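[1] Below: sequence and its predicted model.
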Amino acid sequence: MSKPRKQQNRKPKGRPISGWLILDKPLDFGSTEAVSKIKWLFNAQKAGHAGTLDPLASGMLPIALGDATKTVPYVMDGRKIYEFTVTWGEQRATDDLEGEVAETSDQRPDEQAIRDILPNYTGVIMQTPPQFSAIKIAGERAYDLARDGETVEIPAREVEIHRLTLLACPDTDTAHFEVECGKGTYVRALARDMGRDLGCFGHISELRRTMVAPFGEDMMVPLETLTALEAIEDRDERLEALDAYLIDTAEALSALPRLIINDDQAYRLKMGNPILLRGRDAPANHPEAYATAHGKLVAIGEIGEGEFRPKRVFG
């Protein structure tokens, strides 16, 4: 009887590099495709993104490399800003340019009529996600069911819209807007509902994301800027040039309280042990905070009963 082979510990492919790359995603480029491209360019072991952008949308796609993937949920929860154009007169199956025309109207709203309905779409509102969305219905994605020709009942849910601004009405067929909204808001659904409210139908014809808190528009890097660095023949020099565009992992946690700790405390946290917080300036109880040593992220954890207890540690 032959002995079973010992399983070899395979070394992960790529570099154990960590940080955030705030990509300015181009049109006709899927979010998963963009992450794969960045992972390959940076020769990173691990990569993920914080919030899908459709291929027909451009703009901010925060991509986490390495340990930064542990901070993705904190970015997913952040406020977002979109600039978008609604074309009136047609409702489409996907609520954007990609879908077939489902309803048409000869009616067109004037600027005042558009301004009059904006208060209906600010604050906490109920919104029904599009048929073509990633919402799960009985264990299946709504967009898979929609592609099979099924029309499903998707329950409305609460979303928060902090600000909705009409930027311009360049002609009778289109209107430009900017919206600042919370997690789970579908801008396509916003265009659909405004079109119905105005009695003329409408769909998204342009969509660009300019902010995913805590990352701002000035942090975005165009994909062509990164791909241009492929021309650098020396591998180390090329990777060094790419790494210059990375943002420290801790930037994703700027909304949380921060602890500055010493090397001994960092060692304890990395071993999974709590550290004591002494003195008058010791922070009060908090369900989540993060600790850094020499400016580098060490752990995310909880402050309570005079100590910091790690939940996630970083290399």
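    That came through fine.
[2] Quickly note the distance from the spatially closest residue to Tyr186 that is not a sequence neighbour to Leu56.
    Nearest residue to Tyr186 in three dimensions, chain neighbours excluded: Pro129, at 5.4 Å (C-beta to C-beta, 6 or more residues apart in numbering). All C-beta atoms are positioned from the backbone trio N, CA, C, and that covers glycine. According to C-beta to C-beta, to the nearest Å, Pro129 stands 17 Å off from Leu56.
[3] In terms of neighbours, single out the busier of these two.
    Legend: neighbour count by other C-beta atoms under 10 Å for Pro129 and Leu56, higher for Pro129 (20 against 16).
[4] where does that one land in three-state SS?
    Recorded secondary structure, Pro129: coil (DSSP: H, G, I helix; E, B strand; the rest coil).
[5] so it sits right up against Ile154, yeah?
    Yes. Counting by C-beta atoms under 8 Å, Pro129 does reach Ile154; the two are 5.3 Å apart.
[6] where in the stretch 151-300 of the chain is pLDDT low?
    Scanning the stretch 151-300 of the chain for pLDDT under 70 picks out 151-152, 280-281.
[7] quick one, strands of it?
    In the stretch 151-300 of the chain, the segments counted as strands under DSSP state E, counting those that start in this stretch are 157-171, 174-181, 202-212, 221-222, 258-260, 275-276, 286-293, 296-304.
[8] Turn these into JSON lines, columns for distance to Leu242.
    Output for the strands of the stretch 151-300 of the chain, formatted as JSON lines (distance: least, C-beta to C-beta, whole Å):
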{"stretch": "strand 157-171", "distance to Leu242": "35"}
{"stretch": "strand 174-181", "distance to Leu242": "31"}
{"stretch": "strand 202-212", "distance to Leu242": "21"}
{"stretch": "strand 221-222", "distance to Leu242": "10"}
{"stretch": "strand 258-260", "distance to Leu242": "28"}
{"stretch": "strand 275-276", "distance to Leu242": "35"}
{"stretch": "strand 286-293", "distance to Leu242": "24"}
{"stretch": "strand 296-304", "distance to Leu242": "20"}
